[in-house]
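*Asks:* A structural model of the following input is requested.
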Amino acid sequence: MTAQTQDMLKRLGIAVVFGIAFAYIESAVVVYLRAIFHPHGFTFPLEMFGVTAEAKRLFVIEVGREAATLVLILTAAWLFGRLMQERAAYFLVIFAVWDVFYYVWLKVLLDWPGSIMDWDVLFLIPVVWASAALYPVLVSALMFAFGAAILYRCAHGRPLVVTRWDWLGWLASTCIVIAAFCLGGRRITHADYAEQFPLWLFAAGFALGVGVCIRATSRRNGRRELQTTAATA
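*Replies:* From the prediction side, this is the model:
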């Protein structure tokens, strides 16, 4: 094992530990929020929320906390990486570990979810996102695998060569998946919430993302780009 590989694995391991610890903080906050907003149990369809002045104030605070969470992950990724591709990869890795272990810690703290198909409120920016827990976990698995592949390539002097079509593919995939989650969040207080989730839309966006990631990581390139990037970093 080369020194570059050892350094990459060490940094990756530390990033994973960071993501696991950060996930505990997230899950602990959710424990408190559920005690406040769902004292009789967190089950779908949800009761109406955000109708009182106090609930609206806490909702705004929660939106700010979610925005701060993204800033913290971005900051950690910037510090872990040395090149822009590495920083992007660490963002993917940390976000993925944080998201998956959020459910692991909730299982430990609340014995929830009872099933990978239990529904959850995923995000609040710019609107409510919701789906079965399986779907964000699938996205996180892809993010982790892609991020780790980028780090491996960078450690061996073979960074990705990203084309315009790659960027368009990732943008389209991200928008489609987010749209599916946002549509899933529209009827979380209705009895037919599960039937309203556009699984076909999520599947299309996820499949597109998988395809673009495989295409980008399987493309060969030389070492010159890494040397040029490092010289300008």
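*Asks:* now name the helix or strand holding residue 40.
*Replies:* Under the criterion DSSP states H and E, no helix or strand holds residue 40.
*Asks:* can you pull the contacts of it?
*Replies:* For residue 40, the contact set (CB atoms under 8 Å, 6 or more residues apart in numbering) is empty. C-beta here means a position set from N, CA and C on the backbone, and glycine is covered the same way.
*Asks:* which elements pack onto the longest helix seen in the chain?
*Replies:* Ranked by residue count and defined by DSSP state H, the top helix of the chain is helix 3-37. If contacts are counted by 3 or more CB pairs under 8 Å, 6 or more residues apart in numbering; DSSP states H and E, helix 3-37 sits against helix 53-80, helix 84-110, helix 134-155.
*Asks:* right, and the ones you listed - which one's nearest residue 27?
*Replies:* In terms of CB to CB, the element of those nearest to residue 27 is helix 84-110, at 3.7 Å.
*Asks:* could you list the residues in contact with the helix or strand following the closest one?
*Replies:* The helix or strand immediately downstream of helix 84-110 is strand 119-123, counting by DSSP H and E. Residues external to strand 119-123 that are found in contact with it (CB under 8 Å, 6+ apart): 44, 46, 66, 113, 128-133, 136, 181, 185, 188, 193-194.
*Asks:* hang on, the earlier thing: name the residues of the longest helix of the chain that are buried.
*Replies:* For helix 3-37, the neighbour count (16 or more other CB atoms under 10 Å) marks 8, 11-12, 15-16, 18-20, 22-24, 26-27, 30, 33, 37 as buried.
*Asks:* from the residues you listed, which is closest to residue 61?
*Replies:* For the buried residues of helix 3-37, the closest approach to residue 61 (CB to CB) belongs to residue 33, at 10.2 Å.
*Asks:* list the contacts of that closest one.
*Replies:* Residues in contact with residue 33, defined by CB under 8 Å, 6+ apart, are 58, 62.
*Asks:* and the gap between it and residue 143?
*Replies:* Look at residue 33 and residue 143: by CB to CB, to the nearest Å, they are 25 Å apart.
*Asks:* sketch out the low-pLDDT regions of this protein for me.
*Replies:* By pLDDT under 70, the weakly predicted segments of the chain are 48-51, 221-233.
*Asks:* 80 instead?
*Replies:* In the prediction, the chain carries residues with pLDDT under 80 at positions 1, 4, 37-38, 40-41, 47-55, 220-233.
*Asks:* ok so, going back, so which of the contacts of strand 119-123 is the most crowded?
*Replies:* Greatest neighbour count in the contacts of strand 119-123, by other CB atoms under 10 Å, goes to residue 131: 27 neighbours.
*Asks:* sheet-wise, list the partners of the helix or strand where that one lies with their directions.
*Replies:* According to DSSP H and E, residue 131 maps onto strand 129-132. If you go by DSSP bridges, strand 129-132 pairs up with strand 119-123 (antiparallel).
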